[in-house]
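Trainee: Would you be able to build a 3D model of this:
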Amino acid sequence: MPTTLKRTSITHTPPIERALALARKRHPETDDRALMVQMIEDSAARLAEEQQRWEEIVDNNSRRLAESFGPIPDNYLEELRAEWPE
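Mentor: Next up, the predicted model:
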């Protein structure tokens, strides 16, 4: 079908075949193309969730550090580097 969108072809390497075999167990009547699209969408959703959790962890740790030690001064790195020997 004509499209202006990018297309990607995927060679059915052993890891791809294993992934498709697992996906077929859940959706035995679904063709390979649809299974691949579903696996990519599922993976993207999991990656987004992991990224969100990671950002929450970083934000929480940053907040806890600031509460414990106070905010980092703007010139912190310059002061630290001034202490280093040349």
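
Trainee: contact partners of the one helix or strand Ala21 maps to?
Mentor: Using DSSP states H and E, Ala21 sits in helix 14-26. Outside helix 14-26, the residues within contact range by C-beta atoms under 8 Å, 6 or more residues apart in numbering are Ile10, His12, Thr30, Asp32, Leu35, Met36, Gln38, Met39. In this view, the C-beta of every residue, glycine as well, is placed from N, C-alpha and C.

Trainee: how about 7 Å then?
Mentor: Contacting residues not belonging to helix 14-26 are listed as Ile10, Asp32, Leu35, Gln38, Met39 [C-beta atoms under 7 Å, 6 or more residues apart in numbering].

Trainee: secondary structure class for the first one?
Mentor: In the three-state summary, Ile10 is assigned as coil, counting by DSSP: H, G, I helix; E, B strand; the rest coil.

Trainee: what's near enough to touch the spatially most central residue of the chain?
Mentor: Nearest to the geometric centre of the chain sits Leu47, at 4.0 Å (C-alpha atoms, centre = their mean). For Leu47, the contact set (C-beta under 7 Å, 6+ apart) is empty.

Trainee: Distance of it relative to Asn61?
Mentor: Shown here: Leu47 relative to Asn61, a distance of 21 Å by C-beta to C-beta, to the nearest Å.

Trainee: now do Gly70
Mentor: Separation of Gly70 from Asn61 (C-beta to C-beta): 15 Å.
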